[in-house]
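Give me a 3D structure for the following:
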Amino acid sequence: MSLQDGAAARELSVSLSVRPSSAPGPRAASSGVAMSGAARPSVWIGAPSVGGLTLPEAMPTAGHMYAPRGVWLDGDRLIVADTGNHRVLIWNEACDLVDHAEADVILGQPDFHTEGAQAGGRGSDKGMRLPTGILVHQGRLVVADAWNHRVLIWDSVPTRSDQAPDMILGQADPFSIDENRGGNCGPLGFYWPFGIGMIDGWFFVADTGNRRVLAWSTIPTPDQKPDLVLGQDHANIRDENRGQIGPKSFRWPHDVAGVDGRLVIADAGNHRLLGWSDTPHTDVDADSVLGQTDFVTGSEFPYAPQSATAMRFPYAVEIDGCARPGSGSHPMAVADTANNRILIWDDAPSGSGAPADWVLGQPDFASNGENRWDAVGRDTLCWPYGLSFNDGRLAIADSGNNRVMIWDTALGDSAASDTT
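Down below sits the predicted model:
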């Protein structure tokens, strides 16, 4: 690992050590506008808070998590990448979840109380190291096992615990765990694959450490080369920002989302989202940018009041595939991680610079404190990472609070704006 990669690793893993201080920090100036709309937190998955800024318990159980960074929610299941405990948890009845519910199935560990990478040291064939991205496609479960530099695939969502994956992408065998398959950057290896997604039938991997996004026209076989490389001139280089930041470069691409032919990539290290109005099948420029004023800026502004257009390390993006009745719109959510908030657009924007319509986790667009510098509450956030939209229900991997919060949203009702 290079010095540059080492610095990136420290920043990319910050959620595993973040702890709010006991004294509040400076509060950003308020815009005086409450922006949560009719969205309400409905289910708290994870340990309860004991009060104040003390974080919920992180010791592994069937219901306690440590720094979860990935989540999947559909009509049947809730699936969580419990990143700090190196495991994946599955709840079978997503519609009937109650606060602090216990998971039904565990992957990556032999039981609900074991912790440590590689199944507590047992081995990488059934173990994981800091898993992140989660998706279910045509009944198959796909997990980005980020720090083992691979993607794990089960032919069906497991119904029993401690089940090994049926297929592995990015490594030659279940016991290999080195970045880029132990060699130089190439078309078959990964370096921190944090985000995954299925968009218009294409399978995308945000290969974060190689500063690129790879795509296949379907979920590939282990030795199938990608049909598309975004972010680099070819599959054998991994230059940061392609040598110079622009409309088709990345610093840390971290997540992908899309709907109806549109692709959006969360370029976390450049504090922006890049968008393509037509899902690219060749390496072409993005045609929109959010979070920055242009395609050649990648600045962060951590010591100033925030806004409806600014972002700091947007680690996740999600578009609701279920269109809103009447409008046909597809809401888009962004985990604006370092600002401790979720930004939401009533409809995924097609142009640059569009301000968010709503903010969750903060009282207004200016504020950005961890848990509002106040207390761990149902409607506060601390370093949110993963998102999953399903027909108006938004699951948030609230990593710094060791939990997943599920919000019920009614984002088209602008008349219902009041403080969360």
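
now stretch 328-342, how far from the centre of its chain.
Between the centre of stretch 328-342 and the centre of its chain there are 11 Å (C-alpha atoms, centre = their mean, to the nearest Å).

how long is it from one end to the other?
22 Å (C-alpha to C-alpha, to the nearest Å).

what ranges do the strands span in the stretch 151-300 of the chain?
Here the stretch 151-300 of the chain has its strands, by DSSP state E, counting those that start in this stretch, at 167-169, 193-199, 202-207, 212-216, 228-230, 253-259, 262-267, 272-276, 288-290.

Quick check: which ranges of the chain have low pLDDT?
Applying pLDDT under 70 to the chain flags residues 1-37, 410-420.

Tell me which stretches of it form helices.
In the chain, the helices defined using DSSP state H lie at 3-12, 117-121.

Just the CA coordinates for the shortest one, please, in PDB.
Translated: helix 117-121. The C-alpha trace of helix 117-121 is given here as PDB (Å, rounded to 0.1, in the frame of the first residue of the first chain):
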ATOM      1  CA  ALA A 117     -12.100 -10.200  10.400                       C
ATOM      2  CA  GLN A 118     -12.200 -13.400   8.500                       C
ATOM      3  CA  ALA A 119     -14.800 -15.000  10.700                       C
ATOM      4  CA  GLY A 120     -12.900 -14.200  13.900                       C
ATOM      5  CA  GLY A 121      -9.700 -15.600  12.300                       C
END
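
which other residues reach that helix?
Residues outside helix 117-121 that contact it (C-beta atoms under 8 Å, 6 or more residues apart in numbering): 86, 108-110, 114, 124, 126-130, 147, 177. Placement of C-beta: from N, CA and C, glycine included.

switch to 10 Å and redo it
For helix 117-121, contacts defined as C-beta atoms under 10 Å, 6 or more residues apart in numbering pick out 60, 85-87, 107-111, 113-114, 124-130, 147-148, 162, 175, 177.

What residues of it count as buried?
Within helix 117-121, the residues that count as buried by 16 or more other C-beta atoms under 10 Å are 117, 118, 119, 120.

sorry, back to before: next step: the contacts of helix 117-121 restricted to strands.
87, 107 (DSSP state E).

Next up, the contacts around residue 179.
1, 5, 147-150, 170, 185, 189-192, 209-210.

ok, now residue 380?
Contacts of residue 380 (C-beta under 10 Å, 6+ apart): 41, 49, 53, 340-341, 360-363, 369-374, 398, 401, 405, 420.

give me that answer again for 6 Å
Shown in contact with residue 380 (C-beta atoms under 6 Å, 6 or more residues apart in numbering): 361, 371, 372.

Tell me who's in contact with the nearest residue to the first one once chain neighbours are set aside.
Read that as residue 361. Nearest residue to residue 361 in three dimensions, chain neighbours excluded: residue 381, at 3.4 Å (C-beta to C-beta, 6 or more residues apart in numbering). Residues counted as contacts of residue 381 (C-beta under 6 Å, 6+ apart) are 340, 361, 398.

For these, give me TSV that also has neighbour count.
Formatted as TSV, the contacts of residue 381 follow (neighbours: other C-beta atoms under 10 Å):
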residue	neighbour count
340	27
361	30
398	33
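
Pick the one among those residues closest to residue 98.
Nearest to residue 98 among the contacts of residue 381 is residue 398, at 17.4 Å by C-beta to C-beta.

Can you report how many residues neighbour residue 59?
By the criterion of other C-beta atoms under 10 Å, residue 59 has 12 neighbours.

So for the chain, the centremost residue is which one?
The centre of the chain sits closest to residue 386, judged by C-alpha atoms, centre = their mean, with a distance of 3.1 Å.

just checking, that residue touches residue 397?
Yes - using C-beta atoms under 6 Å, residue 386 is in contact with residue 397, at 3.4 Å.

Common neighbours of the two, please.
Common contacts of residue 386 and residue 397 (C-beta under 6 Å, 6+ apart): 69, 71.

For residue 243, the count of nearby residues, please.
When counting by other C-beta under 10 Å, one arrives at 11 neighbours for residue 243.

Spatially nearest residue to it, not counting backbone neighbours?
Nearest to residue 243 is residue 249, by C-beta to C-beta, 6+ apart, at 7.9 Å.

Likewise for residue 39?
Closest residue in space to residue 39, ignoring its immediate chain neighbours: residue 409 at 4.4 Å, by C-beta to C-beta, 6+ apart.

What count of nearby residues applies to that neighbour?
24.

Tell me who's in contact with it.
Contacts of residue 409 by C-beta under 6 Å, 6+ apart are 39, 392, 394.

again, only this time at 10 Å
When contacts are counted by C-beta under 10 Å, 6+ apart, residue 409 touches 36-40, 42, 320, 324, 331, 333, 344, 358, 360, 389, 391-394.

coming back round to it: could you flag which of the contacts of helix 117-121 are buried?
60, 85-87, 107-109, 114, 124, 126-130, 147-148, 162, 177.

starting at the chain centroid, how far to stretch 174-181?
23 Å.

any idea how far residue 289 is from the residue nearest to residue 243?
From residue 249 over to residue 289 the distance is 11 Å, taken as C-beta to C-beta, to the nearest Å.

go on, residue 387?
Between residue 387 and residue 289 the distance, using C-beta to C-beta, works out to 20 Å.

Would you format the contacts of residue 380 as CSV with distance to residue 80 included?
CSV is the format used below for these (distance: C-beta to C-beta, whole Å):
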residue, distance to residue 80
361, 19
371, 20
372, 24
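
Count the neighbours of the nearest residue to residue 355 once chain neighbours are set aside for me.
Nearest residue to residue 355, sequence neighbours excluded (C-beta to C-beta, 6+ apart): residue 308, at 3.6 Å. If you count neighbours by other C-beta under 10 Å, residue 308 ends up with 18.

cool, and the one 5 residues further on?
Burial measure for residue 313: 23 neighbouring residues, criterion other C-beta under 10 Å.

In contact with it, which residues?
Counted by C-beta under 10 Å, 6+ apart, residue 313 has contacts 11-12, 14, 252, 254, 266, 268-271, 300, 302, 335-339, 383, 385.

Let's see that with 6 Å instead.
Contact analysis of residue 313 by C-beta under 6 Å, 6+ apart lists 268, 337, 338.
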